[in-house]
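# Turn this into a model:
(one chain, ligands or ions: 1)
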Amino acid sequence: MQSWQRHTDPLFVPYNVPVLSEDQEETFWRYWTEKPGTISLAGVLDGRFIAHILLRDHDPQAACADLGISLDPGFIGQGLGTELLLLTRDFAYQSLGIERITLDVAAWNQRAIRAYVKAGFRETGRRWIDWDTPVDFRALLQGPENQWLWEHVRIDTGYTIVLVRMCAQKTRSL
Ligand SMILES: CC(C)(COP(=O)(O)OP(=O)(O)OC[C@H]1O[C@@H](n2cnc3c(N)ncnc32)[C@H](O)[C@@H]1OP(=O)(O)O)[C@@H](O)C(=O)NCCC(=O)NCCS
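Sure thing, here's the model as predicted:
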């Protein structure tokens with residue numbers, strides 16, 4: 001992930017992979033590969049690692065898990081995220097016994113929401129949450145091209161954003 005391209009869109013800069021020391025890399029690696037209830041998956045294209053997908057809080061008894069995905073910015077917007085989400089969903093259903101996959105996504109992240117919908121996720125709720133982020137929404141919201149953001153972001157002493165809850169549910173054959 002350290003060799004991935006960088007997001008230049010100011011909204012997505014927080015999604016850039018931080019530059020890590022070897023020790024920090026080791027810590028991340030252990031966190032993602034050894035944390036109980038976490039399944040860490042790699043999206044690979046022509047032998048190249050282009051996406052990190054996490055199934056978190058896997059509860060085998062409840063047959064559910066929470067999903068997170070991050071694609072190398074050099075590969076976004078080409079349909080690969082949707083394809084990886086579908087592969088992950090089917091792997092979770094068929095090989096892990098998961099029947100329900102949930103996720104939370106910022107309402108302003110329309111590209112991610114569109115990819116989730118294409119991969120079979122449906123919205124189950126919305127709520128406002130406080131968000132501690134380095135994104136300078138104060139500056140962004142002043143631009144006429146960013147007026148659409150007002151629906152999803154409020155500025156007070158900090159930022160509050162709309163979080164969308166989504167879910168994909170395995171359909172059982174009768
Ligand atoms: C979210 C992510 C995995 C999606 O993968 P992707 O490969 O970029 O998505 P896809 O190309 O499969 O699909 C994107 C869809 O959104 C649409 N889209 C792109 N920008 C959009 C925008 N600003 N508004 C609405 N739709 C948009 C695309 O047109 C496409 O839909 P279409 O096929 O119907 O035309 C990837 O963009 C990513 O990793 N982003 C950065 C990290 C992130 O946001 N993670 C999710 C956190 S919850």
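# For the rest of this, base every contact and every neighbour count on C-alpha atoms.
Noted.
# how about low-confidence regions in the protein?
Along the chain, segments meeting pLDDT under 70 span 173-174.
# Recalculate using a threshold of 80.
172-174 (pLDDT under 80).
# Near the ligand, which residues of it are found?
Selection of the chain residues close to the ligand by C-alpha under 6 Å from any ligand atom yields 15, 69-71, 76-82, 105, 110-112, 114-115.
# Direction included, what does the strand or helix carrying residue 58 pair up with?
Assessed by DSSP states H and E, residue 58 sits inside strand 48-59. Partner strands for strand 48-59, per DSSP bridges, with pairing direction: strand 39-45 (antiparallel), strand 64-71 (antiparallel).
# now the helices for the protein?
Using DSSP state H, the helices of the chain run over 22-34, 80-95, 110-118, 137-140.
# what about residue 160, distance to residue 142?
17 Å (C-alpha to C-alpha, to the nearest Å).
# same check, this time on residue 105
Applying C-alpha to C-alpha to residue 105 and residue 142 gives a distance of 23 Å.
# Which of those two has more residues huddled nearby?
residue 105 (17 against 11; other C-alpha atoms under 10 Å).
# If the nearest residue to that one once chain neighbours are set aside is in a bridge, with which residues?
Take residue 105 and drop its neighbours on the chain: the residue closest to it by C-alpha to C-alpha, 6 or more residues apart in numbering is residue 164, 5.2 Å away. According to DSSP bridges, the residues that bridge with residue 164 are residue 105, residue 126.
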